[in-house]
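> Below is the sequence, then the predicted model.
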Amino acid sequence: MEKIEFEATPKTPYLMVDPKTKTIVINGRSIPENTVQFYTPLFNILDKWIAEKTKDKITATIRLEYFNTSSSKCILDIFKKLQELHKNGATVDITWMYEKDDEDMMEAGQDYQTIVGIKFKMVEVEE
Amino acid sequence: MENSGIILSFKGDITSDLLTSVLQIMENRLDSFQEEPKIKKKVYHVLVECLQNLYHHMDEIPSYINGKDRSAIFMIGKTDEGYSIITGNYILNENVSGLKKRIDEINALTKEELKEYYKQVLANGEMSLKGGGGLGIIDIARKSGEKLEYEFLSLSNNVSFFILKIKITNKNN
């Protein structure tokens, strides 16, 4: 599969998925009206890795400034797929970054950990 | 809109491009008020959800009433205590009681209960094709920290006008 790289727009984050290194980066704001459409290429790659039962190391770094509620569901789906990969034997490293003093974003990260049952590396960053 | 300066008001079709423009304008305005990041984020966040609610969930009303199918209004104001966002859209009468019940239920929850409810709906709720499957209004209430005020104005046997007023203040959040 080809590497995916979308530049950030006012409504969508920078999204990069490198199948070679199995690296995923999401950075910016995620507030599109049609969220599913935006995340479908990422879902497809994750589904492919699940089908292959990969045991590789997968690194996901997520730094969101804002996300809307329809993105929140898609982000959960990404984590669910990563959890499945983890169950299949892959090493899954998830880093959740949030801006200093952004309690809502920190809590969102904690909520996802609780729902999905994977431990994230929580990283506070200066604005 | 007591004691409030209107920052932006709009009446017309709610399109994706319109939302992009409005959000950019509002972001600039909030920057120009030198608002602290916390309240700026809250206002922006609530605005995204409100406007996308209008975009996704507006009932299609026959054009003889409305002129345009996707027409709605919204107003953003600065008050002494913070900000207010008011939205107005047409709704079919058959959907009024369901929406009223939903807002009343959300208004009855405490801050902690809202947080838990959000998590529960996120974890178990089915994603609708249109959006977050009911998360929007919960999120608005969470971020606002105030009770949601609303009104349904009956216009005809079939159609009402739904007004939602959201206050965003800095207190205990």
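Yep, it's here.
> which residues in the chain form strands?
Since you didn't name a chain, this refers to chain A. A:4-6, A:14-18, A:23-30, A:57-67, A:91-99, A:121-125 (DSSP state E).
> My question was about chain B, not that one.
With DSSP E as the criterion, chain B has strands at B:5-13, B:71-78, B:82-92, B:149-154, B:159-169.
> Spell out which strands sit alongside the second one in the sheet and which way each one runs.
If I follow you right, that is strand B:71-78. strand B:5-13 (antiparallel), strand B:82-92 (antiparallel) (DSSP bridges).
> just the last one next, same as before
Strand B:159-169 has these partner strands in its sheet, going by DSSP bridges: strand B:82-92 (antiparallel), strand B:149-154 (antiparallel).
> hang on, the earlier thing: reformat the strands of chain B as CSV; add mean pLDDT and mean neighbour count.
From N, CA and C alone the C-beta is placed, and that goes for glycine too. Below are those laid out as CSV (pLDDT from 0 to 100; neighbours: other C-beta atoms under 10 Å in any protein chain shown):
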stretch, mean pLDDT, mean neighbour count
strand B:5-13, 92, 13
strand B:71-78, 92, 20
strand B:82-92, 93, 21
strand B:149-154, 96, 13
strand B:159-169, 94, 19
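> Dump those strands to TSV, plus distance to residue B:23.
Shown next, in TSV, are the strands of chain B (distance: least, C-beta to C-beta, whole Å):
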stretch	distance to residue B:23
strand B:5-13	11
strand B:71-78	11
strand B:82-92	12
strand B:149-154	23
strand B:159-169	15
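> Nearest to residue B:5 among the strands paired with strand B:159-169 would be which one?
Closest to residue B:5 of the strands paired with strand B:159-169 is strand B:82-92 (C-beta to C-beta; 10.3 Å).
> Dump the C-alpha coordinates for that closest one into CSV.
The C-alpha coordinates for strand B:82-92 follow below in CSV (Å, rounded to 0.1, in the frame of the first residue of the first chain):
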residue,chain,number,x,y,z
GLY,B,82,-18.9,35.4,28.4
TYR,B,83,-20.5,34.5,25.1
SER,B,84,-23.9,33.4,23.9
ILE,B,85,-24.8,31.4,20.8
ILE,B,86,-28.4,31.3,19.6
THR,B,87,-29.5,29.1,16.8
GLY,B,88,-32.9,28.9,15.1
ASN,B,89,-34.2,26.4,12.6
TYR,B,90,-37.5,24.9,11.4
ILE,B,91,-38.5,21.6,12.8
LEU,B,92,-41.4,19.2,12.0
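> right, and the strands paired with strand B:159-169 - which one's nearest residue B:74?
strand B:82-92 (4.6 Å).
> Enumerate every residue touching the residue most central in space within chain B.
Nearest to the mean C-alpha position of chain B, by C-alpha atoms, centre = their mean, lies residue B:50 at 2.9 Å. Taking C-beta atoms under 8 Å, 6 or more residues apart in numbering or on different chains as the criterion, residue B:50 is in contact with B:74, B:85, B:87, B:140, B:164, B:166.
> quick one: which two of these are the most distant?
Greatest spatial distance in the contacts of residue B:50: B:74 and B:140, 13.0 Å, computed using C-beta to C-beta.
> Quick check, pLDDT for whatever residue of chain A ends up closest to chain B.
Proximity of chain A to chain B (C-beta to the nearest C-beta) peaks at residue A:69, 3.4 Å away. Residue A:69 is assigned a predicted lDDT (pLDDT) of 92.
> Compute the number of surrounding residues for it.
Residue A:69 has 26 neighbouring residues, counting by other C-beta atoms under 10 Å in any protein chain shown.
> re earlier: measure the residue nearest to the centre of chain B to chain A for me?
Distance of residue B:50 to chain A, given as C-beta to the nearest C-beta, to the nearest Å: 11 Å.
> could you dump the strands of chain A to JSON lines with distance to chain B and mean neighbour count?
Formatted as JSON lines, the strands of chain A follow (distance: least, C-beta to the nearest C-beta, whole Å; neighbours: other C-beta atoms under 10 Å in any protein chain shown):
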{"stretch": "strand A:4-6", "distance to chain B": "16", "mean neighbour count": "14"}
{"stretch": "strand A:14-18", "distance to chain B": "17", "mean neighbour count": "18"}
{"stretch": "strand A:23-30", "distance to chain B": "9", "mean neighbour count": "20"}
{"stretch": "strand A:57-67", "distance to chain B": "6", "mean neighbour count": "19"}
{"stretch": "strand A:91-99", "distance to chain B": "8", "mean neighbour count": "18"}
{"stretch": "strand A:121-125", "distance to chain B": "13", "mean neighbour count": "12"}
